[in-house]
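Student: 3D, please:
(2 chains)
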There are 2 protein chains.
Amino acid sequence: VPHTLIETDRLVKTFHAASLAASAETLGRFRQNTAVINKLSVGFDPVTEADQAAETAIISVIEEAFPDHGIVGEEHGSRAPDADWQWYIDPIDGTRAFISGLPVWGTLIGLYWKGKPFAGLMDQPFTGERFIAYTNGEGEAVSELTVRDAVRTDNNTRNTKNLSDALLMTTSPRIFDAPDGARYDAMETRVKLARYGCDCYAYGMVAAGQVDLVMESGLKVYDIAALIPIIENAGGVVTSWDGEDCSQGGTILAAANETLHAEALKVLATHG
Amino acid sequence: VPHTLIETDRLVKTFHAASLAASAETLGRFRQNTAVINKLSVGFDPVTEADQAAETAIISVIEEAFPDHGIVGEEHGSRAPDADWQWYIDPIDGTRAFISGLPVWGTLIGLYWKGKPFAGLMDQPFTGERFIAYTNGEGEAVSELTVRDAVRTDNNTRNTKNLSDALLMTTSPRIFDAPDGARYDAMETRVKLARYGCDCYAYGMVAAGQVDLVMESGLKVYDIAALIPIIENAGGVVTSWDGEDCSQGGTILAAANETLHAEALKVLATHG
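Tutor: All right, here's what the predicted structure looks like:
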């Protein structure tokens, strides 16, 4: 049982220390004219200096606290790939939000044990919001939000049962490929309201009980690793659009509760 | 000349006092389960208690400071409609963002003199960002951003000259009616990156030099009144999609500079 194999206190301290180390690299470059490097020659995939420097800083914090753990980063590749504990880092999830000056990007750090999500962090340093989730030494599932080191609350998802009452979020309805787009559109027509443009912040809003559903596709493992415990430990459900395990990425359906998740899966199955 | 007819100090103090009075009504209800009232029986147009209470609070502040001015509010209608000075209030622009827990809504207060934009405020109390614009007693156009009463900067728009380098924002590409949608889409295909979902916050990002273009349609006078001086005094241009005066609302094209604005108008004219 993984929660008996890791010190809760050390884990939580590592999340906070990694957040501070990352924000020291990101925040000073946010809303500046940073050097934007295009990773790919085709398309628009900005990676800032902040992204790379923050990942280096996070890796240092994790290595110091847990020297025998594995680490998979968006920028630096992986180390110790055979370790039971694996950390997944996305130093700036939502680079397009970052370069547009919008405070809906986040630093994501997830921790898996033997391939299963165990703990996660989403930090938004401009707004000062830090989501942390883990299972403590007593086996209690925790998902909490701290705002500017002051107000700390337990996350609780909403109890919306019907799609017709649900708030749905996605980064953009126009980035899906054709079959995924049709499935997304089928969902959008059934919900009360759809909102766009929030990257990882949308998942935080599910955990915090502000929205009901998030749909995205094409995610990598480090885009979703941190967010699964944050939502699940707050009462939500996260799977692929077909109801399968999504801990390695792909299509993501995050829902506030099991009932709503089942309703959403029915719509997706009909349009699959 | 209007700037000789109003005390700069009193005006700026009124903006700050109105921001505080409004945030006392909005912030405590943000991310709570507020009573949502649908203004219209058709469609989804949420107005929270916060919206109504904040407008009442703002009106009190303005009436105290400028008792002979006119005031037009989204919620409470107008008073002194024949006065030279008219205040336009939208207590929560972006109510959909507000009810989704997203910090991209804002309190908007604009001031017109004889029908022309003179001064404006956009306040986002959760992030602590306050945009203020006016012309001071010496005739200098000011557009400034204060973050959490600490960091204060002058706003300056970007110097992007080509649409192919431009970042475009709109609240949703799916809320335009058919002819407007085709014109918006024509623009989206020409820019480097489009981002969705930011309501009034998008205009703040133009003023702050973070994005280059905003396109919206169907705006009311109180949705745009505050934002025109904030962008113009930072170096930007705000008109309708046909290059006409937009100070009474309608379609809005906000651009970082005259060159880019002219390029954007060319695209819109071709698809008009």
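
Student: show me what from the stretch 151-272 of chain A comes close to chain B.
Tutor: A:167, A:169, A:172-174, A:192-198, A:201, A:205, A:208, A:210-211 (CB under 8 Å from any CB of the partner chain). Yep, even glycine has a C-beta here, placed from its N, CA and C like the rest.

Student: from the residues you listed, which ones fall inside strands?
Tutor: With strands defined by DSSP state E, the entries of those inside them are A:167, A:169, A:193-196.

Student: which one of the residues you listed is nearest A:Arg79?
Tutor: Here the nearest of these to A:Arg79, counting by CB to CB, is A:Met169; it sits at 33.7 Å.

Student: if we can go back for a sec, buried subset of the residues of the stretch 151-272 of chain A next to chain B?
Tutor: Buried residues within these, counting neighbours by 16 or more other CB atoms under 10 Å in any protein chain shown: A:167, A:169, A:172-173, A:192-198, A:201, A:205, A:208, A:210-211.

Student: now the helices for chain A?
Tutor: Taking DSSP state H, the helices of chain A run over residues A:8-26, A:49-65, A:95-99, A:178-190, A:199-207, A:221-224, A:227-232, A:258-270.

Student: which one of these has the poorest average confidence?
Tutor: Lowest mean pLDDT within those: helix A:95-99, a mean of 89.

Student: now it, how far from the chain's geometric center?
Tutor: Taking CA atoms, centre = their mean, to the nearest Å, one finds helix A:95-99 lying 15 Å from the centre of the chain it belongs to.

Student: same check, this time on stretch A:202-214
Tutor: Averaging C-alpha positions (CA atoms, centre = their mean) puts stretch A:202-214 11 Å from its chain's average.

Student: now the terminal residues of it, how far apart.
Tutor: In stretch A:202-214, first residue to last residue: 7 Å (CA to CA, to the nearest Å).

Student: do the same with stretch A:128-144
Tutor: 14 Å.

Student: then stretch A:123-133?
Tutor: Stretch A:123-133 has an end-to-end distance of 12 Å (CA to CA).

Student: now do it: everything it contacts.
Tutor: Stretch A:123-133 is contacted from outside by A:12, A:15-16, A:19, A:22-23, A:26-27, A:30, A:103-107, A:119-122, A:141-149, A:155, A:201, A:204, A:207-208, A:229-230, A:232-234, B:103, B:126-127, using CB atoms under 8 Å, 6 or more residues apart in numbering or on different chains.

Student: name the residues of that stretch that are buried.
Tutor: Residues of stretch A:123-133 classed as buried: A:123-133 (neighbour count, 16+ other CB under 10 Å).

Student: hmm, back to that, the helices of chain A: which one's closest to B:Ile99?
Tutor: Once the helices of chain A are compared by CB to CB, helix A:199-207 is nearest, at 10.8 Å.

Student: need the contact partners of the closest one.
Tutor: A:90, A:93-94, A:96-97, A:104-106, A:108, A:122, A:124, A:129, A:131, A:133, A:143, A:145, A:155, A:157, A:169-171, A:195, A:198, A:211-214, A:223, A:226-227, A:230-231, A:234, A:236, A:254-256, B:100-102.

Student: likewise stretch A:164-175?
Tutor: Here stretch A:164-175 has contacts from A:94, A:160, A:181, A:184-185, A:187-188, A:190-199, A:202, A:205, A:210-216, A:218, A:256, A:260, B:99-100, B:173-174, B:194, B:196, using CB under 8 Å, 6+ apart.

Student: go again with 7 Å.
Tutor: Outside stretch A:164-175, the residues within contact range by CB atoms under 7 Å, 6 or more residues apart in numbering or on different chains are A:160, A:184, A:187-188, A:190-199, A:202, A:205, A:211-216, A:260, B:100, B:173-174, B:196.

Student: same check on stretch A:6-16?
Tutor: Under CB under 7 Å, 6+ apart, the answer for stretch A:6-16 is A:61-62, A:65, A:109, A:119, A:121, A:132, A:134, A:136-137.

Student: point me to the residue of the stretch 1-150 of chain A nearest chain B.
Tutor: Nearest residue of the stretch 1-150 of chain A to chain B, counting by CB to the nearest CB: A:Gly101, 2.9 Å away.

Student: so that residue versus B:Gly209, what's the distance?
Tutor: Remark: distance between A:Gly101 and B:Gly209 (CB to CB, to the nearest Å) = 8 Å.

Student: for the nearest residue to A:Pro81 once chain neighbours are set aside, which residues are in contact?
Tutor: Sequence neighbours aside, A:Gly70 is the residue nearest to A:Pro81 in space, at 5.6 Å (criterion: CB to CB, 6 or more residues apart in numbering or on different chains). Counting by CB under 7 Å, 6+ apart, A:Gly70 touches A:78-81, A:83, A:85-87.

Student: what about 8 Å?
Tutor: A:78-83, A:85-87.

Student: one more: A:Val104?
Tutor: A:94, A:97, A:124, A:197-201, B:102, B:104.

Student: and what of A:Leu213?
Tutor: A:166-169, A:187, A:191, A:206, A:253-256, A:260, A:264.

Student: ok, 7 Å please
Tutor: Taking CB under 7 Å, 6+ apart as the test, what A:Leu213 contacts is A:166, A:168, A:191, A:254-255, A:260, A:264.

Student: now the strands for the stretch 1-150 of chain A?
Tutor: Secondary structure of the stretch 1-150 of chain A by DSSP state E, counting those that start in this stretch: the strands cover A:36-38, A:46-48, A:70-73, A:77-79, A:85-93, A:106-113, A:116-124, A:129-135, A:141-147.

Student: distance between the fifth one and the chain's centre?
Tutor: Right, the one you point to is strand A:85-93. Counting by CA atoms, centre = their mean, strand A:85-93 comes out at 9 Å from the chain centroid.

Student: tell me the mean pLDDT over it?
Tutor: Strand A:85-93 comes out with an average pLDDT of 97.

Student: pairing partners for it, with directions?
Tutor: With DSSP bridges as the test, strand A:85-93 is paired with strand A:70-73 (parallel), strand A:106-113 (antiparallel).

Student: tally of neighbours for A:Pro229?
Tutor: Number of residues near A:Pro229 (other CB atoms under 10 Å in any protein chain shown) recorded here: 28.

Student: spit out the contact partners of it.
Tutor: The contact partners of A:Pro229, by CB under 7 Å, 6+ apart, come to A:117-120, A:133-134.

Student: can you check A:Gly137 too?
Tutor: Per CB under 7 Å, 6+ apart, neighbours of A:Gly137: A:3, A:8.

Student: kindly recompute the last result at 8 Å.
Tutor: Contact analysis of A:Gly137 by CB under 8 Å, 6+ apart lists A:3-4, A:7-8.

Student: most neighbours of all the residues you listed, which one?
Tutor: Counting by other CB under 10 Å, top hit in the contacts of A:Gly137: A:His3 with 18 neighbours.

Student: wait, that one touches A:Gly139, no?
Tutor: Yes - taking contacts as CB atoms under 8 Å, A:His3 lies within contact range of A:Gly139: 5.6 Å.

Student: dump the residue contacts of A:Leu253.
Tutor: By CB under 8 Å, 6+ apart, the contact list for A:Leu253 reads A:213-215, A:238-241, A:243, A:246, A:261, A:264-265, A:268.

Student: state the pLDDT value of it.
Tutor: 98.

Student: and it, bridged to which residues?
Tutor: Going by DSSP bridges, A:Leu253 is paired in beta bridges with A:Met215, A:Thr239.

Student: likewise for A:Ala119?
Tutor: A:Leu111.

Student: count the residues that sit near A:Ala182.
Tutor: Here the number of neighbours of A:Ala182 (other CB under 10 Å) works out to 12.

Student: ok, it touching A:His271?
Tutor: Yes - look at A:Ala182 against A:His271 with CB under 8 Å: they come within range, at 5.9 Å.

Student: on that earlier part again, let's have the contacts of A:Pro229 in a markdown table, adding distance to B:Ala57.
Tutor: Below are the contacts of A:Pro229 laid out as a markdown table (distance: CB to CB, whole Å):
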| residue | distance to B:Ala57 |
| --- | --- |
| A:Pro117 | 45 |
| A:Phe118 | 46 |
| A:Ala119 | 43 |
| A:Gly120 | 39 |
| A:Ala133 | 37 |
| A:Tyr134 | 41 |
